[in-house]
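>>> Mind looking at a prediction? Sequence and model below.
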Amino acid sequence: MAVDELDARILRLLLEQPRTSVREYARILGIARGTLQARLDRLERDGVITDYGPRLSPAALGHPVTAYVHIEVTQGRLDDVGERLTAVPQIIEVFSITGAGDLLTRVAARDNTHLEDVIQRVIRMPGVVRTRTEVVLRERVPHRLLPLVEWVGRTAAAPVR
């Protein structure tokens, strides 16, 4: 799906001012509300906009320890293990990966002892061969999409050569 310069401006506003009304977005952008709504509908339909929910802090929820757990899975059990991981509330994300493992999970824990308990729960799952854990010391670049949106918008506006 091609994102043009106006789409990028809309996405920037959504990221910078997520609690603003559609009417106000249209006013800020200088476009008709119907035009904005049609763009938002297309961006949702095409999977560019996937959610409007708030970003929550695991640390503020009492889980300040973040770790990435690489999981090696028995061949043919990837879907089964992936499904079982959804039953562990401290597992925030799961990705299929290449390299030295099959799955990469992001885990939030209360402390290191709690992290070990979560890892032990994962290790006991049928189909899990082994795990490797990396504990996050400090977040250096928080989750962000605005620089990517701005880059996409700039490249969409650039003349084709």
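Alright, I've got the coordinates.

>>> which of the residues in the worst-scoring helix or strand of the chain on mean pLDDT are buried?
Of the helices and strands making up the chain, the lowest-confidence element is helix 146-157, at a mean of 88, by mean pLDDT, DSSP states H and E. Of the residues in helix 146-157, those buried by neighbour count under the rule 16 or more other Cβ atoms under 10 Å are Val149, Val152, Gly153. No exception for glycine: its C-beta is placed from N, CA and C like everyone else's.

>>> same deal with stretch 134-147?
Residues of stretch 134-147 include none that count as buried (16+ other Cβ under 10 Å).

>>> Stretch 113-127 too?
Within stretch 113-127, the residues that qualify as buried by neighbour count (16+ other Cβ under 10 Å) are His114, Leu115, Val118, Ile119, Arg121, Val122, Met125, Gly127.

>>> if you look at these, which of them are in helices?
His114, Leu115, Val118, Ile119, Arg121, Val122 (DSSP state H).

>>> any idea of the pLDDT on the fifth one?
It stands for Arg121. At Arg121, the predicted lDDT confidence score is 98.

>>> didn't it look like it was pressed against Val88?
Yes - counting by Cβ atoms under 8 Å, Arg121 does reach Val88; the two are 6.1 Å apart.

>>> can I see the domain layout of the protein?
5-54, 65-135 (automatic domain parsing).

>>> quick check, distance from the last one to the centre of its chain.
The one in question is domain 65-135. Between the mean C-alpha point of domain 65-135 and the mean C-alpha point of its chain there is a distance of 17 Å (Cα atoms, centre = their mean, to the nearest Å).

>>> hang on, Glu72 in a helix?
No - under DSSP: H, G, I helix; E, B strand; the rest coil, Glu72 sits outside any helix and is assigned strand.

>>> That one - nearest residue in space that isn't next to it in sequence?
With Cβ to Cβ, 6 or more residues apart in numbering as the measure, Val129 is the residue that lies nearest to Glu72, at 4.3 Å, once sequence neighbours are left out.

>>> Can you give me the distance of the one you found to Tyr25?
For Val129, the distance to Tyr25 (Cβ to Cβ, to the nearest Å) stands at 49 Å.

>>> would you list every one of the helices in the protein?
Taking DSSP H as the criterion, the chain carries its helices at 5-16, 22-29, 33-45, 78-85, 112-123, 146-157.

>>> who does the fourth one touch, helix- and strand-wise?
It refers to helix 78-85. Where contact means 3 or more Cβ pairs under 8 Å, 6 or more residues apart in numbering; DSSP states H and E, helix 78-85 is packed against strand 65-73, strand 91-96, strand 103-109.
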